[in-house]
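*Asks:* structure for the following, please:
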Amino acid sequence: MEIITETAIRNTIVRVVRGDITESNADAIVNAANSYLKHGGGVAGAIVRKGGVVIQEESNHVGYVPVGQCAITTGGMLKAKYVLHAVGPRWGEGDEEEKLRNAVRNTLKLATERTFKSLSMPAISAGIFGFPKERCAQIITHEVSSFIETTATTLREINFCLMDDQIIALFTKELEHFKGDS
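*Replies:* So this is what the prediction gives:
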């Protein structure tokens with residue numbers, strides 16, 4: 001994992017890192033999931049390939065998760081002990097920005113309820129779900145910052161774990177807005 005930039009917001013370090021989320025040793029990683037928790041492609045497919053079929057089996061047991069909500073499974077053979085399956089919106093389904101905000105907030109709430117200290121998340125919905133990358137970076141960084149500022153959270157480290165140069169640049173630009181605000 002290569003740290004691109006980081007900043008402190010209250011008691012939490014927020015970073016943009018280049019790397020494979022399946023290699024993160026955070027307490028939990030976030031999976032950009034679909035409502036049926038069928039993990040075939042993209043980040044979800046990579047998580048199941050590396051973490052093992054147990055993640056899909058546990059997801060099958062959870063069943064349906066509405067857009068904007070989040071579910072949890074173990075991390076199987078991943079370095080992370082847990083996977084938080086955040087269901088982001090598909091671009092064009094309606095009210096996408098609010099649904100993405102909800103997915104991020106609900107993920108952070110669940111991580112805090114579970115007293116996690118560290119979390120790695122991808123650019124939820126910016127891949128095959130077609131959410132515009134720039135707006136995705138704006139919404140996710142703002143929701144993370146707002147949550148840290150307004151909530152007593154156990155999270156001390158949040159990593160935006162990204163691989164695409166364009167999305168790394170967009171998240172880096174957005175995180176720069178929060179430098180010096182804490």
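
*Asks:* what average pLDDT does stretch 129-144 get?
*Replies:* For stretch 129-144, the mean per-residue pLDDT is 97.

*Asks:* check what contacts it and list those residues.
*Replies:* Residues from elsewhere that reach stretch 129-144 (Cβ atoms under 8 Å, 6 or more residues apart in numbering): 9, 14, 32, 88-92, 96-97, 100-101, 104-105, 108, 121, 123-126, 158, 160, 166-167, 170-171, 173-175, 177-178. All C-beta atoms are positioned from the backbone trio N, CA, C, and that covers glycine.

*Asks:* in strands, which of those residues appear?
*Replies:* 9, 14, 32, 121, 158, 160 (DSSP state E).

*Asks:* hey, what's the last one bridged with?
*Replies:* So that's residue 160. For residue 160, the beta-bridge assignment (DSSP bridges) gives partners residue 16, residue 121.

*Asks:* thought it was touching residue 15?
*Replies:* Yes. Using Cβ atoms under 8 Å, residue 160 is in contact with residue 15, at 6.9 Å.

*Asks:* which of those two has more neighbours?
*Replies:* residue 160 (27 against 19; other Cβ atoms under 10 Å).

*Asks:* how much space between that one and residue 79?
*Replies:* Between residue 160 and residue 79 the distance is 17 Å, computed by Cβ to Cβ, to the nearest Å.
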